[in-house]
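Trainee: sequence first, then the predicted structure, then my questions.
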Amino acid sequence: MNGPRDLPAMDRLLTDPRLQAPIAAHGRALVLAAAREVLEELRAALRAGQSAPEAADPAAAVAGRVRAWVAPPLRPLFNLTGILLHTNLGRAALSAAAIAAMTEAAAAVNLEYDLETGRRGQRDEHLSGWLCRLTGAEAALAVNNNAAAVMLLLNSLALRREVPVSRGELVEIGGAFRLPDIMARAGCRLVEVGTTNRTHEADYAAAIGPRTGLLLQVHRSNFAITGFTHEVPLAQLAALAHDAGLPLAVDLGSGHLVDPAGYGLPPEPTVQAVLAAGADLVTFSGDKMLGGPQAGLIVGRAALIARLRRNPMLRAMRLDKLRIAALAATLPAHADSAALAAQLPFYRALARPLAEIEALAANLRGPLQTALGAAWQVEVAAGSCEVGSGAAPTATLPSAVLRIAPAGRRPGKGRGGTGAAALAARLRRLDRPVIGRVRDGA
């Protein structure tokens, strides 16, 4: 093909037999849009004297463009990164019960309809029962993520008022979520107390004044402060807040309904323990340690939850029926901590014995070596994994890895990893992508 004039006319291109199936399946308008886009790109490339292999077969290029457009954007993949709750890969895998519940809820359901009275109902009622039973809270509310939960809480209880927060808790999490910025957007004024590593009760007491709306404690989630440190015990902070007539809110971030120490992780306060220590409201995520879909959960005193419900912002943050269904199917699993691993994939991964992981790696090594050929060396090696998504940031769990490196390269030698990076790219292009990690040239 010499130039743009050699490209087929649109009418002739659309009569190509290979485009009839896409036209029948997706409509002529979509195929026409793809053809226009492809032809325009080819004309521009040919005018610029650039190589355009698709110009030899524009119909195939158009069919490929249509396939790319209609393919589901969210593709199932294998998360072999060593991060169990990988934010970029969707965090917690849902249980079979949650998936089934979402499928059933895709039809017409009683989302905001009271079947007893035949009148309008409240969507929060589908979750509040289990949340209150599991945490001991008086009332509960669910929104679309924990950032929304914190913002709704602050805007409802501290609008145009001051909120003291320890300097050691002014966190930034993924996606440029910075607590000071969220507080400003929520309409309250941050009052920093203490220092990065040490905050005392007297620091909070000195910050409380007539403009104070509430006290806020924030879990650090994705980092830890060690060494010469001090923070006010929660019960002591709650007493200080209540003596001043203020509520105490705690943002737990990931949030635990069961003690993670039973799964080889450092101990963390559970939502139940935080409420029992005197917190008036607690916020936490649904798609991390809870093992459910993305959600922000708020539990605590009924009078305060009622104020949050009256905030007009709530409508912009509420959950849809699919996530309500998934959460409602996930929460009962936490009633029996001993059975969590049998019901929730995340806890199943935490509880998996190291010997079982090592045996799986050994079984896969041979077939993988055969598939890759002599240019690569595949070996089983000791490894570790982490929880991810800001949960237990300092903890790792023993695991096993399949280390794939160019043949002849010794472990730890050479940090360029060009070959390994190219192999990682090939794995990402599989029909079901495999997402691993590149480290030390392997």
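Mentor: Here it is on my side, so go on.
Trainee: could you confirm A273 falls within a strand?
Mentor: No: counting by DSSP: H, G, I helix; E, B strand; the rest coil, A273 is not part of a strand but helix.
Trainee: burial of it, as a residue count?
Mentor: 16 (other C-beta atoms under 10 Å). Heads up, the C-betas are built off the backbone N, CA and C, glycines and all.
Trainee: try E192
Mentor: The burial count for E192: 16, using other C-beta under 10 Å.
Trainee: what do you get for G388?
Mentor: G388 sits with 23 neighbouring residues when counted by other C-beta under 10 Å.
Trainee: do A24 as well
Mentor: Using other C-beta under 10 Å, A24 has 10 neighbouring residues.
Trainee: what about it, distance to A261?
Mentor: Between A24 and A261 the computed distance is 59 Å (C-beta to C-beta, to the nearest Å).
Trainee: residue ranges with poor pLDDT in the chain?
Mentor: Residue ranges of the chain with pLDDT under 70: 1-2, 174-176, 222, 409-418.
Trainee: repeat that for 80
Mentor: Along the chain, segments meeting pLDDT under 80 span 1-6, 54-55, 173-177, 220-226, 390-391, 393-394, 408-418.
Trainee: for L327, give its distance to V109.
Mentor: 14 Å.
Trainee: for E231, same thing?
Mentor: 44 Å.
Trainee: of these two, who's got more company?
Mentor: Shown here are E231 and V109; by other C-beta under 10 Å, E231 has more neighbours (18 against 14).
Trainee: correct me, but that one touches T199?
Mentor: Yes: E231 is in contact with T199 according to C-beta atoms under 8 Å; the separation is 5.7 Å.
Trainee: and for these two, which residues touch both?
Mentor: Common neighbours of E231 and T199, using C-beta atoms under 8 Å, 6 or more residues apart in numbering, are 166, 168.
Trainee: and for E169, the neighbour number?
Mentor: Using other C-beta under 10 Å, E169 has 21 other residues around it.
Trainee: that one: what's it in contact with?
Mentor: Taking C-beta under 8 Å, 6+ apart, one finds 179, 217-220 in contact with E169.
Trainee: mind redoing it with 7 Å?
Mentor: By C-beta atoms under 7 Å, 6 or more residues apart in numbering, E169 lies in contact with 217-218, 220.
Trainee: can you give me the helices for the stretch 151-300 of the chain?
Mentor: Ranges of helices in the stretch 151-300 of the chain, per DSSP state H, counting those that start in this stretch, are 179-185, 201-207, 234-243, 271-276.
Trainee: what sits against G390?
Mentor: Contacts of G390 by C-beta under 7 Å, 6+ apart are 173, 221-222, 253-254.
Trainee: farthest-separated two in those?
Mentor: Largest separation among those by C-beta to C-beta: I173 and S254, giving 10.5 Å.
Trainee: joint contacts of these two?
Mentor: With C-beta under 7 Å, 6+ apart as the test, I173 and S254 both reach 221, 390.
Trainee: if you count surrounding residues, which of those two has more?
Mentor: Ranked by neighbour count (other C-beta under 10 Å), I173 and S254 place S254 first, with 24 against 18.
Trainee: tell me if I'm right that that one and S221 touch.
Mentor: Yes: look at S254 against S221 with C-beta atoms under 7 Å: they come within range, at 6.4 Å.
Trainee: mind checking the SS state of A100?
Mentor: Using three-state DSSP, the structure places A100 in helix.
Trainee: pull the number of nearby residues for it.
Mentor: Neighbours of A100 (other C-beta under 10 Å): 14.
Trainee: any idea which element the residue lying closest to it once chain neighbours are set aside lies in?
Mentor: Using C-beta to C-beta, 6 or more residues apart in numbering and skipping the chain neighbours, the partner closest in space to A100 is A329 (7.3 Å). Using DSSP states H and E, A329 maps to helix 321-330.
Trainee: just checking, next helix/strand downstream of that helix?
Mentor: helix 340-343.
Trainee: report all helices and strands that that following helix contacts.
Mentor: Helices and strands touching helix 340-343, as assessed by 3 or more C-beta pairs under 7 Å, 6 or more residues apart in numbering; DSSP states H and E, comprise helix 345-351.
Trainee: can I get the helix it packs on in CSV? Just the C-alpha atoms.
Mentor: Extracted C-alpha coordinates of helix 345-351, given in CSV (Å, rounded to 0.1, in the frame of the first residue of the first chain):
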residue,chain,number,x,y,z
PRO,A,345,-11.1,-16.5,50.8
PHE,A,346,-9.0,-13.9,52.5
TYR,A,347,-8.9,-15.8,55.8
ARG,A,348,-8.4,-19.0,53.9
ALA,A,349,-5.3,-17.6,52.5
LEU,A,350,-4.1,-16.4,55.9
ALA,A,351,-4.7,-19.8,57.4
